[in-house]
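Chemist: Quick one, fold the following:
(chains A and B)
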Protein chains: 2
Amino acid sequence: MKISIIGAATTKFGELWNSSPRELAKEAFSSAITQANVDAKKIEALYVGNMLGGLLGHQENIGSFYAEELGLAPVPAFRLEAACASGGVALHNAINSIKAGLYKTVAVLGIEKMTDAGGDLVASALMAAGSDEERGSGITFPGLYALMAQAYMAQYKISEQDLAEVAVKNHYHGSFNHKAQFRFPVTVSDVMKSSRIADPLKLLDCSPVTDGGACLIITSDGALMSKKGVSIVASEVGTDTLALHKRSSFTSLRAAKEAAKRAYAKAGVSAEDIDVAEVHDCFSIAELIALEDLGFSEVGKAAGDVKKGKFTRGKGRTIVNPSGGLKACGHPVGATGIKQAIEIYEQLMGTARDKQSVKNAKIGLAHNVGGSGAIATVHIFRRI
Amino acid sequence: MKISIIGAATTKFGELWNSSPRELAKEAFSSAITQANVDAKKIEALYVGNMLGGLLGHQENIGSFYAEELGLAPVPAFRLEAACASGGVALHNAINSIKAGLYKTVAVLGIEKMTDAGGDLVASALMAAGSDEERGSGITFPGLYALMAQAYMAQYKISEQDLAEVAVKNHYHGSFNHKAQFRFPVTVSDVMKSSRIADPLKLLDCSPVTDGGACLIITSDGALMSKKGVSIVASEVGTDTLALHKRSSFTSLRAAKEAAKRAYAKAGVSAEDIDVAEVHDCFSIAELIALEDLGFSEVGKAAGDVKKGKFTRGKGRTIVNPSGGLKACGHPVGATGIKQAIEIYEQLMGTARDKQSVKNAKIGLAHNVGGSGAIATVHIFRRI
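Modeler: Predicted structure coming up:
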C-alpha cells in the first residue's frame, strides 16, 4: 500500500507568547489541508503528538481536544506521548491505521506550548521523561547529554570545538529558514564563548525551549495524490532503558540503531542512499551520535565528517538538518517529529524555498528521539 | 485477519498503597503472558493506556518506561492517553498495528495509580480531561455527570431511586468478583442514604478512585491460538466536544453512538446479539446513557429495564457489567478499558469463576468513555 504526504505545514517556531496551542494547531492544520487541497471532511482520523499538555497546560484528553478545535469530531482522535519523540510515534501510529485499512486519509498534528511556563517548571516537566534515579540525583537533560558528550570525547578524542561545529552547521542552515526560532549564523568561537550549561555543553550546544505546531495530511487514496509526491516507505520504532546508567554504551543509542536497522530493511535502502535527513540534535553531541547510529558516519568519525562539511548544504552529499534542526529551528517537543517529516517532504518536493538544500533528491530520512534515548523513531521517505 | 486474545489478567483493583505502578504492571503482564503460554520474546510491541502518570506520578515517556520495566525493550512501545478511555484507545491502536502487518503478537497494558495522591489533586488531575470553561467554573466530573442526570431525569421522568438501581445491580455483580474494589451489595436505600456529592448523584452513584493494572496479549499468529478462543471483531472510536455546554444533547453521547454504529456495522451484529457487555458506568447516569447509546434499551427506557433486571445476572438476556463495572470493580482510569476487554474475554471463555454471569455466550461488547463523553471506544468480541 502506498501512503503519501499530500499536505504539510508548520507554524513559525519560537517564543510565541501571543498564540495559544489552539491557535498554533489550527494554523498548522489549516495550512496543511489547504495545501493538500482536500476538504476537512475527508479527514477520517486525527493523531496528535504532544508531551507536555498535562504538566504545563493542565490539559489531557488531547486527541479529542484537538478533534473538537479543528472541527473534526466525531472522527476518531488519538494522543500519543513519547517525550520528545511524541511526534514520531504519532506519525507511526497514523501510518499503521491506514495500513490496517481502517482509514484512508488522516491528519497528524504535533503541538507543544512551552514558553508560557517558567524555566524551572519546563526543566522539571521535561525530566518526567527521565528515570526516578536521574530525577532524584537532580540531573536534567543537558546534564544527561553532557555525560554522553564526556564519554564520547574521551573515547574518540574530539574537542569541545569539534562539538561546536554541529551548532555552526545547524545555525547556518537555520539562517535560510524563515520559520526557524534562530536565524543567525554562529561561529565556533561564539559557541565556545557562550555560557557553560553542563560541562562540556554550552548554551549554543543546546536546543532551545520552543512553541510550535506542525501538521501532515497523509493518505492512501490515489485520487487525492498528485502526480509528483512523497511516499512514506518505512516507519520504525525502537526502545531502550530510560536511565543512562543502565546502558552498556553512552556513545550510541540502542533505540535509534534498532529503529534504523528495521527502517533501512523495510525501505530496501541503506545510509548511502539518503539524500537528506533531519536528525534529533537536541544537543550537539546528540547529532554526532545520530550520524553514527544512522550509518552516515563511521563510529567515532562523525565530528570529523561534520567539520569537513559532509552534511552541510552546498558541500556535502547527504544534507543533515536543512531546517536548522532542533538547535536553530527550535524544539517544541511534540511537534518536532512532525516538523522533521515536513522538512524532508519539502526538500524532496523542491518546495523548501530559501532553505532548499538538495536538488532532485529522491530519498530522505527523519530520526526522532525521546528522553535521552529511551525511544526513537526512524521514517524513510521517497519522492515519486 | 483474525486477531485473538490469548492472555488476559488484571491485578486486584483497589487502594493498593503497598504496590507501585511498576509492580502492578509487572503483575498483570506476567499473569497475562503465563496464561497465553508464550515467551515474553514473542511480544513484538507494547501499547500502554495511561492518563495520570504525568500529573500524579511525574512520569511521562510511559511507553518506553514500561517496555523497560517489563523487560521488552528494544521493542516499539507506545503510550496512548485519552482520559478514562486511554485503555480503549490503546487496544484500538494495538489492533491496528497488527492489522497493518507490522506485528503479530502485542501486549496491551492499562495502568493507573491514583490513591497515593490527595483527593484534591486527583480531582484536579482528572479535570485535565475537561474544557477550560468547565475547569474555570470550578465544576468536577461528578458535577458534569450530575448535570446529565438532571437533564435525563427531567426528560424521561425517572427518580433518584431509579438511578440507584444501577449501583445496586453493579454492586451485586461486584460481590462475585474477588478482584473488585467493593465486594459488598448495596440496596436502593443505602444509595439514597449515602452522602450527596453533586445533586442528584450520591456517593454510591459514583465510581471510586482506584489503583490497578490490566494486561491483554493479542495475536494474529494462528500457531499461538488455542482451539477455543475469543476474537476481536470490531474496534471503533468516536469523539465529541469536551464541554457539555457545546452539545445538542445531555442525555446521550455522540462519541459513543458513533463508535457503536461503526462497531456493529464492522462486526455484522446488532445490539440484540450481544450476550454480555461491560459499559462505562463512572456514574449511575452514565450506565443509563450507555445502555441507550448502545441500543440495549430504547431511548428513555434504560432505568426501567435495569429495574426489571434485564441486565442482571440470573435474570436478563444481555448481562451488563458482570465485573461490577467501574462502580464496584473500581476505576483505575487508564486500566479500565483493558479490564473491560478482559472481563468480556473471561465471560466468553467461561473462565470468570464466581463472577461467571452468562453460559455459552458468543458475543460480547466493551464500551469505554473518556471525559464526560469527548471520546468513546466500542470493541466487539466473538467466541471461536
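Chemist: any idea how far chain B is from residue A:362?
Modeler: Residue A:362 sits 25 Å away from chain B when distances are taken as CB to the nearest CB, to the nearest Å. Using the backbone N, CA and C atoms, a C-beta is placed for each residue, glycine as well.
Chemist: What of residue A:153?
Modeler: Residue A:153 is 26 Å from chain B, by CB to the nearest CB.
Chemist: so which strand or helix has the closest residue to residue A:87 other than its chain neighbours?
Modeler: Of all residues not flanking residue A:87 in the chain, residue A:337 sits nearest, at 2.5 Å (CB to CB, 6 or more residues apart in numbering or on different chains). Taking DSSP states H and E as the definition, one finds residue A:337 inside helix A:333-349.
Chemist: Name the next helix or strand downstream of that helix, please.
Modeler: Next helix or strand after helix A:333-349 toward the C-terminus (DSSP H and E): strand A:363-370.
Chemist: so what strands line up beside that following strand?
Modeler: Sheet pairing of strand A:363-370 (DSSP bridges) gives strand A:276-278 (parallel), strand A:375-383 (antiparallel).
Chemist: Adding mean pLDDT, distance to residue B:25 and mean neighbour count as columns, could you present these in a markdown table?
Modeler: Shown next, in a markdown table, are those (pLDDT from 0 to 100; distance: least, CB to CB, whole Å; neighbours: other CB atoms under 10 Å in any protein chain shown):
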| stretch | mean pLDDT | distance to residue B:25 | mean neighbour count |
| --- | --- | --- | --- |
| strand A:276-278 | 98 | 33 | 29 |
| strand A:375-383 | 98 | 17 | 28 |
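Chemist: quick one, what contacts the nearest residue to residue A:102 once chain neighbours are set aside?
Modeler: In space, and not counting its chain neighbours, residue A:102 is closest to residue B:96: 6.1 Å by CB to CB, 6+ apart. Residue B:96 makes contacts with A:93, A:96, A:97, A:99, A:100, A:102, B:235, as judged by CB atoms under 8 Å, 6 or more residues apart in numbering or on different chains.
Chemist: which residues of chain A fall in helices?
Modeler: Ranges of helices in chain A, per DSSP state H, are A:21-36, A:62-69, A:86-99, A:119-126, A:132-136, A:141-156, A:160-174, A:188-193, A:254-267, A:284-293, A:302-308, A:325-329, A:333-349.
Chemist: give the contact list for the nearest residue to residue A:164 once chain neighbours are set aside.
Modeler: In space, and not counting its chain neighbours, residue A:164 is closest to residue A:191: 3.7 Å by CB to CB, 6+ apart. Residue A:191 makes contact with A:163, A:164, A:167, A:168, A:202, A:204, A:205, according to CB under 8 Å, 6+ apart.
Chemist: Output the residues you listed in JSON lines, with neighbour count and pLDDT appended to each entry.
Modeler: Shown next, in JSON lines, are the contacts of residue A:191 (neighbours: other CB atoms under 10 Å in any protein chain shown; pLDDT from 0 to 100):
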{"residue": "A:163", "neighbour count": "27", "pLDDT": "98"}
{"residue": "A:164", "neighbour count": "26", "pLDDT": "98"}
{"residue": "A:167", "neighbour count": "29", "pLDDT": "98"}
{"residue": "A:168", "neighbour count": "23", "pLDDT": "98"}
{"residue": "A:202", "neighbour count": "22", "pLDDT": "98"}
{"residue": "A:204", "neighbour count": "26", "pLDDT": "98"}
{"residue": "A:205", "neighbour count": "30", "pLDDT": "98"}
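Chemist: ok, which pair from those residues is furthest apart?
Modeler: Using CB to CB, the contacts of residue A:191 span at most 12.5 Å, a distance reached by A:168 and A:202.
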